[in-house]
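Engineer: with the input below, show me the fold.
(one chain, ligands or ions: 2)
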Amino acid sequence: MPLEIKKVGVIGAGQMGNGIAHVCALAGYDVALNDADPDRIRSGLATINGNMAKQVAKGSVSETDRQEALARIVAADKTEDLADCDLVIESATEREEVKRKIFSALCQVVKPEAILASNTSSISITRLAAATDRPERFIGIHFMNPVPLMELVELVRGIATDDETFEASKTFVTRLHKTYAVAEDFPAFIVNRILLPMINEAIYTLYEGVGSVDSIDRAMKLGANHPMGPLQLADFIGLDTCLAVMQVLHEGLADSKYRPCPLLVKYVEAGWLGRKTQRGFYDYRGEKPVPTR
Ligand SMILES: CC(=O)CC(=O)SCCNC(=O)CCNC(=O)[C@H](O)C(C)(C)COP(=O)(O)OP(=O)(O)OC[C@H]1O[C@@H](n2cnc3c(N)ncnc32)[C@H](O)[C@@H]1OP(=O)(O)O
Ligand SMILES: NC(=O)C1=CN([C@@H]2O[C@H](COP(=O)(O)OP(=O)(O)OC[C@H]3O[C@@H](n4cnc5c(N)ncnc54)[C@H](OP(=O)(O)O)[C@@H]3O)[C@@H](O)[C@H]2O)C=CC1
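Structural biologist: Ligands and ions are numbered 1, 2, ... in the order given. Here you go, the predicted model:
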């Protein structure tokens, strides 16, 4: 009998993890939100509360639905608190060794039939699955940022992912009122294979002095009708994540066209990771974002 998903665990309470918990709770799933840092869980819950309040103000969510959804989310301070989840989605930092450790600890506590998923932007699902005791019940469920507003989810099967897991994941994504696109398990899948080289090229354009931050973003917003300029979007995604994706593309496809721009490396080394650290290609500490170059 196919597994019925009732309770979803989310590991990593950062911008993606809180968004995933948010949409799962609104869709009626019980949710357990975990992070290595308990303070992150509290700030993740506060963000969800604030984002749902925005939706209530807009009229897209009722106040009753907001309250019911918030009541469905519990803080899971320890991995053991995820034991009764039917599906666990890992959404921690984009580093393979971090994710592998999370999955090996998780396998000690979750029931054998639970599905494990990663929200990784780029890392091989087959390799992550191999770090678990259930590669056939492992899948990539890749949400887009900001999760409550973006319609797409990429579904990525590893070499061993079975049909039951794939079907259960499709049903899950559909119940979230999202649309899936199926991607094969190649570095960075579809969206990031295309989007991140574009962002990296925008950073090269800045690095080579072709345009300022302001000109590059203005050019792509008004000249190509993108909702955000590429440097604004890089800051939104997080420059650490952008660099990690480019490194996976560069190493995984062994093609110099994916070489991360040295300026991106420098920003990450400075700890200027974009919006989440208040500084990246823009400085967000004042009233309005100010370009840093
Ligand atoms: C890296 C990866 O692995 C994959 C990725 O995700 S790549 C990144 C993919 N995402 C993108 O490319 C996003 C590009 N940007 C956009 O599409 C748009 O700028 C956007 C949808 C983010 C925002 O759209 P916008 O028209 O600028 O609207 P904005 O005014 O900021 O927000 C729209 C509404 O949603 C609300 N909102 C914003 N974030 C929200 C959130 N997380 N939750 C709930 N509501 C939210 C806002 O408060 C706003 O409400 P009002 O209309 O009442 O003001
Ligand atoms: N940003 C984006 O636009 C998108 C990102 N993704 C992917 O989602 C994942 C998360 O990204 P995002 O939310 O942006 O990143 P964030 O940096 O906002 O959040 C990551 C969270 O994971 C926590 N974390 C780190 N190690 C562990 C651990 N061992 N156990 C539990 N939690 C841990 C971090 O804590 P601390 O800060 O204390 O280390 C942080 O709270 C990444 O794989 C990323 O590639 C997917 C789609 C879009």
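Engineer: mind listing the helices for this protein?
Structural biologist: For the chain, the helices defined by DSSP state H occupy 15-26, 38-58, 63-72, 96-107, 125-130, 163-175, 191-207, 213-223, 230-237, 239-253, 262-269.
Engineer: what about the second one, near ligand 2?
Structural biologist: Yes: remark: helix 38-58 sits within contact range of ligand 2 at Arg40, by C-beta under 6 Å from any ligand atom. For the C-beta atoms, the positions are set from N, CA and C on the backbone; glycine is no exception.
Engineer: what sits up against that helix?
Structural biologist: Residues outside helix 38-58 that contact it (C-beta atoms under 8 Å, 6 or more residues apart in numbering) are 13-15, 17-19, 21-22, 25-26, 33-35, 61-63, 66, 69-70, 73, 75-77, 146, 148.
Engineer: give me the buried entries from these.
Structural biologist: Buried residues within these, defined by neighbour count using 16 or more other C-beta atoms under 10 Å: 13-15, 17-19, 21-22, 25-26, 33-35, 61, 66, 69-70, 73, 76, 148.
Engineer: so which of these reach ligand 1?
Structural biologist: Filtered for proximity to ligand 1 (C-beta under 6 Å from any ligand atom), the buried ones among the contacts of helix 38-58 shrink to 19, 148.
Engineer: can you name the residue of the stretch 151-293 of the chain nearest to ligand 2?
Structural biologist: At 3.8 Å from ligand 2, Ile237 is the closest residue in the stretch 151-293 of the chain, using C-beta to the nearest ligand atom.
Engineer: these two touch, right, that residue and Leu273?
Structural biologist: No: counting by C-beta atoms under 8 Å, Ile237 does not reach Leu273; the two are 9.7 Å apart.
Engineer: could you check which of the two is surrounded by more residues?
Structural biologist: More neighbours surround Ile237 than the other of Ile237 and Leu273, with 26 against 21 (other C-beta atoms under 10 Å).
Engineer: which ones are touching that one?
Structural biologist: 145, 199, 274.
Engineer: quick one: name the residues of the stretch 151-293 of the chain near ligand 2.
Structural biologist: Residues of the stretch 151-293 of the chain found near ligand 2 (C-beta under 6 Å from any ligand atom) are 237-238, 241, 276.
Engineer: list just the nearest of these to ligand 1.
Structural biologist: Nearest to ligand 1 among these, with distances taken as C-beta to the nearest ligand atom, is Ile237, at 4.5 Å.
Engineer: residues from this structure in reach of ligand 1?
Structural biologist: Counting by C-beta under 6 Å from any ligand atom, the chain sits next to ligand 1 at 19, 51, 54-55, 58, 121, 144-146, 148-150, 191-192, 195, 227-228, 233, 237, 241.
Engineer: count of neighbours near the nearest residue in space to Val265 that is not next to it in sequence?
Structural biologist: Using C-beta to C-beta, 6 or more residues apart in numbering and skipping residues adjacent in sequence, the residue nearest Val265 is Leu243, 6.5 Å away. Using other C-beta under 10 Å, Leu243 has 23 other residues around it.
Engineer: next one: the one 5 residues further on
Structural biologist: The burial count assigned to Val248 is 22, neighbours taken as other C-beta under 10 Å.
Engineer: and for Phe166?
Structural biologist: 15.
Engineer: go on, Ala83?
Structural biologist: 16.
Engineer: same question for the one 5 residues further on.
Structural biologist: Here the number of neighbours of Val88 (other C-beta under 10 Å) works out to 25.
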